[in-house]
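Participant: Predicted coordinates and the sequence they were generated for:
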Amino acid sequence: MPHIRSPVTAPVNPEPQWPEGYVAALREAGAQEKTIPYCIGWVRRFFVRFPGRRRRDLGRPEIEAFLAEQAARPGVSNWLVQQARDALELYYGKFRGIVLPPRHEDPVAVAHPTPPAA
């Protein structure tokens, strides 16, 4: 799936159709058919991680915490974390119409990325 970086969001959708509406948003964004089930899986795992919280009340801090947890798991590579990030940002921005604040990169990590383990 191409990285979704568009600042344009959809109008707020108070009654989104899950997962049909999300699948349509993924297709509109150019997701490959084979990646769609994985994107749905990332969104589902994200919401399972925060039980009892309304989906519209979760945002950037929870997304970043979830992604950090995923990145720390053995066998989860950077491309999987990026796939999860793209899936969640598209869920909020294009499917739900909820604007997420911009993500702040860690300048140390960007300047000195960790080399892959041998």
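Facilitator: Yep, that arrived.

Participant: Next, name the residue at the spatial heart of the protein.
Facilitator: L88 (2.1 Å; CA atoms, centre = their mean).

Participant: element containing I40?
Facilitator: helix 36-49 (DSSP states H and E).

Participant: which non-adjacent residue is nearest K94?
Facilitator: Residue nearest to K94 in three dimensions, not counting chain neighbours: A25, with 4.4 Å by CB to CB, 6 or more residues apart in numbering. C-betas here are computed from N, CA, C, even on glycine.

Participant: element containing the one you found?
Facilitator: helix 20-29.

Participant: on contacts alone, who are the packing partners of that helix?
Facilitator: helix 36-49, helix 78-90 (3 or more CB pairs under 8 Å, 6 or more residues apart in numbering; DSSP states H and E).

Participant: returning to what we had before: could you check how many residues crowd around the residue nearest to K94?
Facilitator: Residues lying near A25 (other CB atoms under 10 Å) number 21.

Participant: just to revisit the earlier point, with respect to burial, which of the helices and strands packed on helix 20-29 scores highest?
Facilitator: Comparing the helices and strands packed on helix 20-29 by mean neighbour count (mean count of other CB atoms under 10 Å), helix 78-90 comes out on top with a mean of 18.
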